[in-house]
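> I would like the atomic coordinates for the input below:
(one chain, ligands or ions: 3)
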Amino acid sequence: MGKHAELDVGLVVAGYGRHYVVETPEGRRLNCHPRGKKSDCVVGDRVRWQPAGSNAGGEGVIEKIEPRRNLLYRQDEWRTKSFAANLDQLLVLVAAEPVFSESQLSRSLIAAEHARIPACLVLNKVDLPQADAARARLAPYRAMGYEMLELALKARPDESRERLSPRLEGRSTLVLGPSGTGKSTLINLMVPEARAQVGEVSQALNSGRHTTTATQWYWLDAERTTGLIDSPGFQEFGLRQVEAAQLPAYMPDLREYAGQCRFYNCTHLHEPGCGVRAAVEAGAISPSRYRIYGEIYAQLTQPAY
Ligand SMILES: Nc1nc2c(ncn2[C@@H]2O[C@H](COP(=O)(O)OP(=O)(O)O)[C@@H](O)[C@H]2O)c(=O)[nH]1
Ligand SMILES: [Mg+2]
Ligand SMILES: [Zn+2]
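Residues are numbered from 1 along each chain as shown. Ligands and ions are numbered 1, 2, ... in the order given. Have a look, this model is predicted:
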């Protein structure tokens, strides 16, 4: 047994700077600080904690982070930004409007593949006339095996909830997507007492002011078996954690043809007898996906400094 085995366990349900809100197995939420200077907890972490000082006062110290099943993060030359840990799946939200960036979408999916987290696509606002164009742009993703849910979270809430519920039940799901796609609408629809849960977190953080925490965990059910994690928007999605030569392994459409290249170390950029480029020419890989591959590959092979 480890040194910390006798300590209480908890789930990190929100983080704000060096403050974390840890939820006990009984459902109590308390403000915790990590021991020492490092603060590398993320939402979804299971931690060992103990009351801070002699007078607990509803505060705790995080002594140890339990080993993670997985961790979704992005990484550029300078830093690593974690989204959440111990996820069952990722829900990648795009909408009929605003027009989504296929590059951002692909990057999210590559990070998920790299972290071995299954991803499901959601196309929201299908009530809008722009839905057909969005559907067409998503067709390659569907063809490469991603599941896709079509929703109108605001326009048709009941139907959307019915479609989404079985997908979420009993799992921990991170909701990722650019702003304006309907993430808040989704949380408010699926978590009836979302505001109350945000309130509990603010209270645990002892802030008084209404803090919008960067990332927050919500429970959908009283039994606390279904978790939904709201994440903040992001600008750049760096993929420095991926080795350039491994990139096709995380892109299901390229992966299918990468084994057919003449050279085992083919970069799929200019070599003769390339199975990937043959598939692009034959229309089996979409030109935009091949372009995105080239862009990310170029980034990953650039020296960092
Ligand atoms: N037409 C339409 N608009 C929606 C739908 N769902 C959300 N919206 C709108 O999209 C905008 C952005 O939604 P919001 O949930 O704030 O997105 P977030 O930035 O991802 O949190 C809001 O004005 C919503 O009312 C939908 O199903 N149809
Ligand atoms: Mg929002
Ligand atoms: Zn090749």
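> how about the residues of the stretch 101-250 of the chain near ligand 2?
Counting by C-beta under 5 Å from the ion, the residues of the stretch 101-250 of the chain close to ligand 2 are 183, 184. C-beta: built from backbone N, CA, C; applies to glycine.
> and the strands in the stretch 101-250 of the chain?
With DSSP state E, counting those that start in this stretch as the criterion, the stretch 101-250 of the chain has strands at 119-124, 147-150, 172-176, 215-219, 227-230.
> out of the ones you listed, flag the one nearest residue 262.
Among the strands of the stretch 101-250 of the chain, the nearest to residue 262 by C-beta to C-beta is strand 119-124 (31.6 Å).
> what helices or strands is the closest one leaning on?
Applying 3 or more C-beta pairs under 8 Å, 6 or more residues apart in numbering; DSSP states H and E, we find strand 119-124 packed against strand 89-95, helix 102-114, helix 131-143, strand 147-150, helix 183-190.
> from these, which stretch is densest packed?
Across those, averaging neighbours per residue (mean count of other C-beta atoms under 10 Å) puts strand 89-95 on top, at a mean of 24.
> show me what from the protein comes close to ligand 1.
Contact residues (C-beta under 6 Å from any ligand atom) of the chain with ligand 1: 124-125, 127-128, 152-155, 177, 179-185.
> between the helices and strands packed on strand 119-124, which gets nearest to residue 274?
helix 131-143 (19.0 Å).
> wasn't residue 50 part of a helix?
No - remark: residue 50 does not belong to a helix; assigned using DSSP: H, G, I helix; E, B strand; the rest coil, it is strand.
> top helix in this protein by residue count?
Longest helix in the chain, counting residues (DSSP state H): helix 287-301.
> return the set of buried residues in that helix.
289, 290, 292, 293, 296, 297, 300 (16 or more other C-beta atoms under 10 Å).
> rewinding a little: please pick the buried ones from the residues of the chain next to ligand 1.
Neighbour-count burial (16+ other C-beta under 10 Å) applied to the residues of the chain next to ligand 1 gives 124, 125, 152, 153, 177, 181, 182, 183, 185.
> so what pLDDT did the closest residue to the last one other than its chain neighbours get?
What that stands for is residue 185. In space, and not counting its chain neighbours, residue 185 is closest to residue 153: 4.5 Å by C-beta to C-beta, 6 or more residues apart in numbering. Looking at residue 153, its pLDDT reads 97.
> wait, residue 153 sits on residue 124?
Yes - the pair residue 153 and residue 124 passes the contact test of C-beta atoms under 8 Å, sitting 5.5 Å apart.
> mind listing the shared neighbours of the two?
Here residue 153 and residue 124 have 182, 185, 186 as joint contacts, going by C-beta atoms under 8 Å, 6 or more residues apart in numbering.
> circling back: near ligand 3 at all, the longest helix of the chain?
No - applying C-beta under 5 Å from the ion, one finds helix 287-301 out of contact with ligand 3, separated by at least 10.6 Å.
> take that helix, keep the C-alpha atoms, and write them as PDB.
What follows is helix 287-301, C-alpha atoms only, in PDB (Å, rounded to 0.1, in the frame of the first residue of the first chain):
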ATOM      1  CA  PRO A 287      -8.400  17.000 -50.200                       C
ATOM      2  CA  SER A 288      -9.000  19.200 -47.100                       C
ATOM      3  CA  ARG A 289      -7.900  16.300 -44.800                       C
ATOM      4  CA  TYR A 290      -4.700  15.800 -46.800                       C
ATOM      5  CA  ARG A 291      -4.000  19.600 -46.700                       C
ATOM      6  CA  ILE A 292      -4.600  19.600 -42.900                       C
ATOM      7  CA  TYR A 293      -2.200  16.600 -42.600                       C
ATOM      8  CA  GLY A 294       0.500  18.600 -44.500                       C
ATOM      9  CA  GLU A 295       0.000  21.700 -42.400                       C
ATOM     10  CA  ILE A 296       0.300  19.800 -39.100                       C
ATOM     11  CA  TYR A 297       3.200  17.700 -40.400                       C
ATOM     12  CA  ALA A 298       5.100  20.900 -41.400                       C
ATOM     13  CA  GLN A 299       4.500  22.300 -37.900                       C
ATOM     14  CA  LEU A 300       5.700  19.200 -36.200                       C
ATOM     15  CA  THR A 301       8.900  19.000 -38.200                       C
END
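> give the contact list for residue 66.
The contact partners of residue 66, taken as C-beta under 8 Å, 6+ apart, are 9, 45, 46, 47, 48.
> nope, residue 131 is what I was after
Here residue 131 is in contact with 96, 123, 125, 150 (criterion: C-beta under 8 Å, 6+ apart).
> which residues touch the third one?
Right, the one you point to is residue 125. Residue 125 is in contact with 95, 96, 97, 131, 152, 153, 154, 155, 181, 182, counting by C-beta under 8 Å, 6+ apart.
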